[in-house]
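>>> Sequence plus predicted model, see below.
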Amino acid sequence: MRILAIETSCDETSLSILEAKGGFSAPKFKVLKHLITSQIKLHEPFGGVVPNIAKREHIKNLPILYREMFGEGTKEKAEWKKISLMAITVGPGLEPALWAGIEFAKKLSKDWKKPLIGANHMEGHLWSFLLDPKKKYDAKKVFPSVALLVSGGHTILLLMKDIKTWKKLGETRDDAVGEAFDKVARILKLPYPSGPQIEKLSREGNENAIEFPRPMLHDKNYDFSYSGLKTSVLYYCRDNPSANPADVAASFQNAATEVLIKKAMRAAKEFKAKSIIMAGGVAASMYLREKLGSEVKKEKMIFLVPGFTFNTDNAAMIGAAGYFNYLRKKKRPLIARGDLGV
(Lines give C-alpha, C1' and ligand atoms only; values in the text may rest on other atoms or scores of the structure.)
Protein backbone atom coordinates (compact mmCIF):
# COMPACT_ATOMS: atom_id res chain seq x y z
CA MET A 1 0.00 0.00 0.00
CA ARG A 2 1.36 3.42 -0.98
CA ILE A 3 0.30 6.26 1.32
CA LEU A 4 0.44 10.05 0.94
CA ALA A 5 0.64 11.61 4.41
CA ILE A 6 0.28 15.25 5.44
CA GLU A 7 1.28 16.81 8.78
CA THR A 8 0.43 20.39 9.88
CA SER A 9 -0.25 20.09 13.62
CA CYS A 10 2.19 22.82 14.71
CA ASP A 11 4.91 24.73 12.83
CA GLU A 12 6.26 22.08 10.45
CA THR A 13 4.62 21.58 7.07
CA SER A 14 5.39 18.06 5.88
CA LEU A 15 4.42 15.68 3.09
CA SER A 16 5.56 12.09 2.76
CA ILE A 17 4.94 9.14 0.48
CA LEU A 18 5.62 5.75 2.03
CA GLU A 19 4.97 2.12 1.30
CA ALA A 20 3.42 0.02 4.05
CA LYS A 21 2.99 -3.72 4.31
CA GLY A 22 3.01 -6.59 6.77
CA GLY A 23 -0.02 -5.63 8.87
CA PHE A 24 0.13 -5.55 12.66
CA SER A 25 2.12 -8.78 12.92
CA ALA A 26 5.14 -7.62 10.93
CA PRO A 27 4.75 -3.97 9.86
CA LYS A 28 7.30 -2.61 7.42
CA PHE A 29 7.54 0.92 6.11
CA LYS A 30 9.65 2.36 3.33
CA VAL A 31 9.73 6.15 3.06
CA LEU A 32 9.90 6.96 -0.65
CA LYS A 33 9.66 10.75 -0.54
CA HIS A 34 9.85 13.02 2.47
CA LEU A 35 9.57 16.82 2.50
CA ILE A 36 9.43 19.17 5.47
CA THR A 37 9.50 22.94 5.89
CA SER A 38 10.09 24.56 9.28
CA GLN A 39 8.76 27.92 10.46
CA ILE A 40 11.24 28.39 13.31
CA LYS A 41 12.60 31.73 12.07
CA LEU A 42 9.10 33.21 11.83
CA HIS A 43 8.09 32.22 15.36
CA GLU A 44 11.46 32.92 16.99
CA PRO A 45 10.68 36.61 17.78
CA PHE A 46 7.60 35.50 19.75
CA GLY A 47 9.38 32.82 21.78
CA GLY A 48 6.91 30.17 20.64
CA VAL A 49 4.49 29.16 17.90
CA VAL A 50 1.75 31.65 16.98
CA PRO A 51 -1.22 29.60 15.70
CA ASN A 52 -2.49 32.00 13.04
CA ILE A 53 1.00 32.58 11.64
CA ALA A 54 1.47 28.80 11.53
CA LYS A 55 -1.84 28.43 9.64
CA ARG A 56 -0.86 31.12 7.13
CA GLU A 57 2.48 29.45 6.44
CA HIS A 58 0.92 26.01 6.06
CA ILE A 59 -1.51 27.38 3.48
CA LYS A 60 1.44 28.90 1.61
CA ASN A 61 3.80 25.92 1.93
CA LEU A 62 1.46 23.01 1.20
CA PRO A 63 1.06 23.74 -2.56
CA ILE A 64 4.82 24.34 -2.86
CA LEU A 65 5.71 21.00 -1.28
CA TYR A 66 2.98 19.27 -3.27
CA ARG A 67 4.36 20.52 -6.61
CA GLU A 68 7.87 19.52 -5.55
CA MET A 69 6.66 16.03 -4.68
CA PHE A 70 4.21 15.32 -7.54
CA GLY A 71 5.23 17.63 -10.35
CA GLU A 72 2.58 18.57 -12.91
CA GLY A 73 0.77 17.12 -15.89
CA THR A 74 1.61 13.55 -16.87
CA LYS A 75 4.05 13.09 -13.99
CA GLU A 76 1.43 14.17 -11.44
CA LYS A 77 -1.16 11.73 -12.81
CA ALA A 78 1.36 8.89 -12.84
CA GLU A 79 2.26 9.52 -9.19
CA TRP A 80 -1.37 9.59 -8.10
CA LYS A 81 -2.11 6.27 -9.79
CA LYS A 82 0.27 4.66 -7.29
CA ILE A 83 -1.38 6.20 -4.20
CA SER A 84 -3.78 3.88 -2.35
CA LEU A 85 -4.55 5.94 0.75
CA MET A 86 -4.17 9.46 2.17
CA ALA A 87 -3.50 10.19 5.85
CA ILE A 88 -3.86 13.55 7.60
CA THR A 89 -3.16 14.65 11.18
CA VAL A 90 -6.47 15.44 12.90
CA GLY A 91 -5.17 16.13 16.41
CA PRO A 92 -3.87 16.91 18.88
CA GLY A 93 -2.30 20.17 17.78
CA LEU A 94 -3.02 23.83 17.08
CA GLU A 95 -6.51 23.90 15.61
CA PRO A 96 -5.87 26.60 12.96
CA ALA A 97 -2.77 24.71 11.81
CA LEU A 98 -4.59 21.37 11.77
CA TRP A 99 -7.42 22.74 9.64
CA ALA A 100 -5.00 24.10 7.06
CA GLY A 101 -3.80 20.55 6.43
CA ILE A 102 -7.25 18.99 6.70
CA GLU A 103 -8.79 21.27 4.08
CA PHE A 104 -5.85 20.73 1.72
CA ALA A 105 -6.10 16.96 2.14
CA LYS A 106 -9.88 16.94 1.65
CA LYS A 107 -9.52 18.75 -1.68
CA LEU A 108 -6.85 16.34 -2.92
CA SER A 109 -8.95 13.38 -1.79
CA LYS A 110 -11.94 14.69 -3.75
CA ASP A 111 -9.94 15.68 -6.85
CA TRP A 112 -8.12 12.35 -7.15
CA LYS A 113 -10.84 10.14 -5.62
CA LYS A 114 -8.56 8.66 -2.99
CA PRO A 115 -9.68 7.54 0.50
CA LEU A 116 -8.65 9.88 3.31
CA ILE A 117 -8.11 8.74 6.90
CA GLY A 118 -7.35 10.77 10.01
CA ALA A 119 -4.38 10.05 12.26
CA ASN A 120 -3.60 10.93 15.85
CA HIS A 121 -0.40 12.94 16.10
CA MET A 122 0.83 11.18 19.24
CA GLU A 123 0.14 7.75 17.75
CA GLY A 124 2.35 8.87 14.89
CA HIS A 125 5.16 9.59 17.35
CA LEU A 126 4.54 6.26 19.09
CA TRP A 127 5.12 4.31 15.87
CA SER A 128 7.88 6.50 14.43
CA PHE A 129 10.61 4.06 15.52
CA LEU A 130 9.33 1.72 12.79
CA LEU A 131 10.43 4.17 10.08
CA ASP A 132 14.18 3.64 10.55
CA PRO A 133 15.35 1.50 7.60
CA LYS A 134 18.54 0.48 9.43
CA LYS A 135 16.74 -1.18 12.34
CA LYS A 136 14.94 -4.51 12.09
CA TYR A 137 11.77 -4.88 14.10
CA ASP A 138 11.14 -8.14 15.96
CA ALA A 139 7.91 -8.10 17.98
CA LYS A 140 8.98 -11.10 20.10
CA LYS A 141 12.01 -9.17 21.34
CA VAL A 142 10.21 -5.84 21.82
CA PHE A 143 6.97 -6.60 23.65
CA PRO A 144 5.77 -6.06 26.26
CA SER A 145 7.20 -2.56 26.14
CA VAL A 146 7.00 0.72 28.03
CA ALA A 147 6.63 3.79 25.81
CA LEU A 148 7.59 7.29 26.91
CA LEU A 149 6.03 10.01 24.75
CA VAL A 150 7.53 13.43 25.43
CA SER A 151 6.73 16.61 23.52
CA GLY A 152 5.84 20.26 23.93
CA GLY A 153 2.25 19.39 24.76
CA HIS A 154 2.38 15.86 26.15
CA THR A 155 4.18 13.66 28.65
CA ILE A 156 2.67 10.17 28.59
CA LEU A 157 3.81 6.75 29.82
CA LEU A 158 2.24 3.71 28.16
CA LEU A 159 2.40 -0.04 28.65
CA MET A 160 2.30 -1.76 25.26
CA LYS A 161 1.18 -5.38 25.01
CA ASP A 162 1.92 -5.38 21.28
CA ILE A 163 2.18 -2.90 18.41
CA LYS A 164 -1.53 -2.04 18.52
CA THR A 165 -2.54 -2.63 22.15
CA TRP A 166 -1.61 -0.39 25.05
CA LYS A 167 -2.90 1.19 28.21
CA LYS A 168 -1.94 4.50 29.72
CA LEU A 169 0.08 4.23 32.92
CA GLY A 170 0.38 7.94 33.57
CA GLU A 171 0.64 11.43 32.13
CA THR A 172 1.39 14.96 33.20
CA ARG A 173 -1.10 16.62 35.52
CA ASP A 174 -0.17 20.12 34.38
CA ASP A 175 2.72 21.24 32.15
CA ALA A 176 4.29 18.80 29.72
CA VAL A 177 8.07 18.42 29.95
CA GLY A 178 8.56 20.23 26.64
CA GLU A 179 6.42 23.10 27.87
CA ALA A 180 8.60 23.37 30.98
CA PHE A 181 11.68 23.59 28.75
CA ASP A 182 10.00 26.40 26.79
CA LYS A 183 9.18 28.38 29.91
CA VAL A 184 12.62 27.95 31.49
CA ALA A 185 14.23 29.03 28.23
CA ARG A 186 12.20 32.25 28.37
CA ILE A 187 13.27 32.78 32.00
CA LEU A 188 16.90 32.44 30.87
CA LYS A 189 16.23 34.66 27.84
CA LEU A 190 17.26 31.93 25.43
CA PRO A 191 16.05 32.01 21.82
CA TYR A 192 13.41 29.68 20.39
CA PRO A 193 13.40 26.66 20.01
CA SER A 194 14.08 26.05 23.67
CA GLY A 195 15.20 22.42 23.91
CA PRO A 196 18.37 22.63 21.81
CA GLN A 197 19.27 25.97 23.41
CA ILE A 198 19.00 24.64 26.98
CA GLU A 199 20.95 21.51 26.06
CA LYS A 200 23.69 23.59 24.43
CA LEU A 201 23.98 25.96 27.40
CA SER A 202 23.89 23.05 29.86
CA ARG A 203 27.17 21.68 28.48
CA GLU A 204 28.90 24.70 30.02
CA GLY A 205 27.29 24.26 33.44
CA ASN A 206 27.23 22.00 36.47
CA GLU A 207 24.05 19.88 36.61
CA ASN A 208 24.50 19.39 40.36
CA ALA A 209 25.01 23.06 41.17
CA ILE A 210 21.37 23.69 42.12
CA GLU A 211 19.03 21.22 43.80
CA PHE A 212 15.79 21.82 41.94
CA PRO A 213 12.75 19.70 42.96
CA ARG A 214 11.83 16.44 41.23
CA PRO A 215 8.01 16.61 41.41
CA MET A 216 6.22 13.26 41.92
CA LEU A 217 9.50 11.35 41.63
CA HIS A 218 8.73 9.17 44.64
CA ASP A 219 4.96 8.90 44.12
CA LYS A 220 3.83 5.33 43.49
CA ASN A 221 1.86 6.32 40.41
CA TYR A 222 3.26 7.06 36.94
CA ASP A 223 1.98 10.61 36.59
CA PHE A 224 4.18 13.66 36.10
CA SER A 225 4.10 17.33 37.08
CA TYR A 226 6.32 20.10 35.75
CA SER A 227 4.65 23.36 36.78
CA GLY A 228 6.34 23.30 40.20
CA LEU A 229 9.78 22.74 38.74
CA LYS A 230 9.30 25.61 36.30
CA THR A 231 8.17 27.89 39.17
CA SER A 232 11.17 26.84 41.26
CA VAL A 233 13.51 27.92 38.45
CA LEU A 234 11.65 31.23 38.15
CA TYR A 235 11.99 31.99 41.87
CA TYR A 236 15.61 30.87 41.99
CA CYS A 237 16.56 33.22 39.14
CA ARG A 238 14.60 36.05 40.77
CA ASP A 239 16.35 35.56 44.12
CA ASN A 240 19.80 34.88 42.64
CA PRO A 241 20.25 37.40 39.80
CA SER A 242 24.00 36.70 39.57
CA ALA A 243 23.54 32.93 39.18
CA ASN A 244 25.37 31.25 36.31
CA PRO A 245 22.74 30.64 33.57
CA ALA A 246 24.61 27.52 32.45
CA ASP A 247 24.33 26.03 35.94
CA VAL A 248 20.62 26.88 36.04
CA ALA A 249 20.03 25.27 32.64
CA ALA A 250 22.05 22.15 33.48
CA SER A 251 20.45 21.70 36.90
CA PHE A 252 16.95 22.15 35.46
CA GLN A 253 17.65 19.68 32.63
CA ASN A 254 18.94 17.14 35.14
CA ALA A 255 15.88 17.48 37.37
CA ALA A 256 13.37 17.37 34.50
CA THR A 257 14.83 14.28 32.85
CA GLU A 258 15.55 12.35 36.05
CA VAL A 259 11.81 12.04 36.72
CA LEU A 260 11.18 10.76 33.18
CA ILE A 261 13.98 8.22 33.36
CA LYS A 262 13.25 6.84 36.82
CA LYS A 263 9.52 6.48 36.23
CA ALA A 264 10.03 4.82 32.83
CA MET A 265 12.57 2.40 34.29
CA ARG A 266 10.38 1.62 37.31
CA ALA A 267 7.45 0.86 35.00
CA ALA A 268 9.64 -1.36 32.82
CA LYS A 269 10.74 -3.40 35.83
CA GLU A 270 7.26 -3.64 37.34
CA PHE A 271 5.66 -4.87 34.13
CA LYS A 272 8.65 -6.95 32.99
CA ALA A 273 9.09 -5.00 29.77
CA LYS A 274 11.55 -6.20 27.16
CA SER A 275 12.08 -2.72 25.76
CA ILE A 276 11.55 0.99 26.25
CA ILE A 277 10.30 3.12 23.37
CA MET A 278 10.86 6.88 23.50
CA ALA A 279 9.43 9.34 20.99
CA GLY A 280 8.24 12.92 20.58
CA GLY A 281 10.06 16.20 20.05
CA VAL A 282 11.82 16.13 23.43
CA ALA A 283 13.26 12.72 22.52
CA ALA A 284 15.61 14.62 20.19
CA SER A 285 17.59 15.60 23.31
CA MET A 286 20.94 13.83 23.20
CA TYR A 287 21.20 14.27 26.97
CA LEU A 288 17.92 12.38 27.53
CA ARG A 289 18.74 9.74 24.90
CA GLU A 290 22.12 8.99 26.44
CA LYS A 291 20.89 8.97 30.06
CA LEU A 292 17.86 6.77 29.42
CA GLY A 293 19.75 4.62 26.92
CA SER A 294 22.42 3.93 29.52
CA GLU A 295 19.84 2.82 32.10
CA VAL A 296 18.09 0.60 29.56
CA LYS A 297 21.40 -1.02 28.63
CA LYS A 298 22.16 -1.79 32.28
CA GLU A 299 18.92 -3.77 32.50
CA LYS A 300 19.71 -5.57 29.21
CA MET A 301 16.56 -4.30 27.54
CA ILE A 302 16.11 -2.89 24.04
CA PHE A 303 16.00 0.88 23.60
CA LEU A 304 13.94 2.07 20.63
CA VAL A 305 14.02 5.72 19.61
CA PRO A 306 13.44 7.10 16.11
CA GLY A 307 16.27 8.63 14.13
CA PHE A 308 16.43 12.41 14.14
CA THR A 309 14.78 12.64 10.70
CA PHE A 310 11.58 11.16 12.10
CA ASN A 311 11.87 12.32 15.69
CA THR A 312 10.28 15.74 15.39
CA ASP A 313 6.91 16.38 13.72
CA ASN A 314 6.83 14.81 10.26
CA ALA A 315 4.37 13.35 7.77
CA ALA A 316 6.01 9.91 7.52
CA MET A 317 4.92 9.03 11.05
CA ILE A 318 1.40 10.18 10.18
CA GLY A 319 1.49 7.78 7.25
CA ALA A 320 2.33 4.95 9.66
CA ALA A 321 -0.52 5.96 11.98
CA GLY A 322 -2.88 6.21 9.00
CA TYR A 323 -1.90 2.72 7.86
CA PHE A 324 -2.64 1.23 11.28
CA ASN A 325 -5.97 3.10 11.43
CA TYR A 326 -6.81 1.63 8.03
CA LEU A 327 -6.06 -1.86 9.37
CA ARG A 328 -8.26 -1.13 12.37
CA LYS A 329 -11.00 0.08 9.99
CA LYS A 330 -11.18 3.31 11.96
CA LYS A 331 -12.39 6.44 10.22
CA ARG A 332 -11.46 9.26 12.53
CA PRO A 333 -13.53 12.46 12.71
CA LEU A 334 -11.74 15.55 11.45
CA ILE A 335 -10.87 16.76 14.94
CA ALA A 336 -10.40 13.79 17.25
CA ARG A 337 -9.10 13.33 20.77
CA GLY A 338 -7.80 9.91 19.87
CA ASP A 339 -6.96 6.64 21.58
CA LEU A 340 -4.23 8.15 23.74
CA GLY A 341 -6.71 10.44 25.46
CA VAL A 342 -5.07 13.61 24.15
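Cool, got the structure.
>>> Every contact and neighbour count from this point should use C-alpha atoms.
Noted.
>>> quick one: Val248 from Glu44, how far?
Taking Cα to Cα, to the nearest Å as the measure, Val248 falls 22 Å from Glu44.
>>> These two - which one has more neighbours?
Val248 (27 against 15; other Cα atoms under 10 Å).
>>> which stretch of helix or strand covers that one?
Using DSSP states H and E, Val248 falls within helix 245-270.
>>> Name the residues of that helix that come out as buried.
Across helix 245-270, burial judged by 16 or more other Cα atoms under 10 Å covers 245-265, 267-268.
>>> go on, stretch 164-172?
Within stretch 164-172, the residues that count as buried by 16+ other Cα under 10 Å are 166, 168-172.
>>> do stretch 223-239 as well
Buried, per 16+ other Cα under 10 Å, within stretch 223-239: 223-230, 232-234, 237.
>>> That one - what's its average pLDDT?
Per-residue pLDDT values across stretch 223-239 average out to 96.
>>> didn't Leu304 look like it was pressed against Ile277?
Yes: counting by Cα atoms under 8 Å, Ile277 is a contact partner of Leu304 at 4.7 Å.
>>> between the two, what contacts are shared?
Both Leu304 and Ile277 are contacted by Phe129, under the criterion Cα atoms under 8 Å, 6 or more residues apart in numbering.
>>> Please, where are all the strands along the chain?
All strands of the chain, identified by DSSP state E, fall at 2-7, 12-21, 28-38, 85-91, 116-120, 145-150, 155-160, 166-171, 275-279, 302-304.
>>> want to try a markdown table for these, with mean pLDDT as columns?
Formatted as a markdown table, the strands of the chain follow (pLDDT from 0 to 100):
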| stretch | mean pLDDT |
| --- | --- |
| strand 2-7 | 98 |
| strand 12-21 | 97 |
| strand 28-38 | 95 |
| strand 85-91 | 94 |
| strand 116-120 | 94 |
| strand 145-150 | 96 |
| strand 155-160 | 96 |
| strand 166-171 | 95 |
| strand 275-279 | 97 |
| strand 302-304 | 96 |
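>>> got those as TSV, with distance to Ile210 columns?
Listed next are those as TSV, based on distance: least, Cα to Cα, whole Å:
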stretch	distance to Ile210
strand 2-7	40
strand 12-21	35
strand 28-38	35
strand 85-91	38
strand 116-120	38
strand 145-150	24
strand 155-160	24
strand 166-171	26
strand 275-279	27
strand 302-304	30
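>>> Of the ones you listed, give the one that comes closest to Lys60.
Distance to Lys60, taken as Cα to Cα, is lowest for strand 12-21 among the strands of the chain, at 9.7 Å.
>>> who's in contact with that closest one?
1-8, 27-39, 58, 61-62, 65-66, 313-316, 319-320, 323.
>>> Mark which of the residues you listed are buried, thanks.
In those, the ones that pass as buried (16+ other Cα under 10 Å) are 2-8, 27-31, 34-39, 58, 61-62, 65-66, 313-316, 319-320, 323.
>>> what's around Pro115, how many residues?
As a burial measure, Pro115 scores 15 neighbours (other Cα under 10 Å).
>>> That one reaches Lys107, doesn't it?
No: the pair Pro115 and Lys107 does not pass the contact test of Cα under 8 Å, sitting 11.4 Å apart.
>>> per-domain residue ranges of this protein.
According to automatic domain parsing, the chain comprises the domains 2-127+310-328, 138-305.
>>> Count the residues that sit near Ala26.
Counted with other Cα under 10 Å, Ala26 comes out at 11.
>>> Identify the spatial nearest neighbour of Val296, chain neighbours not counted.
Phe303 (6.3 Å; Cα to Cα, 6 or more residues apart in numbering).
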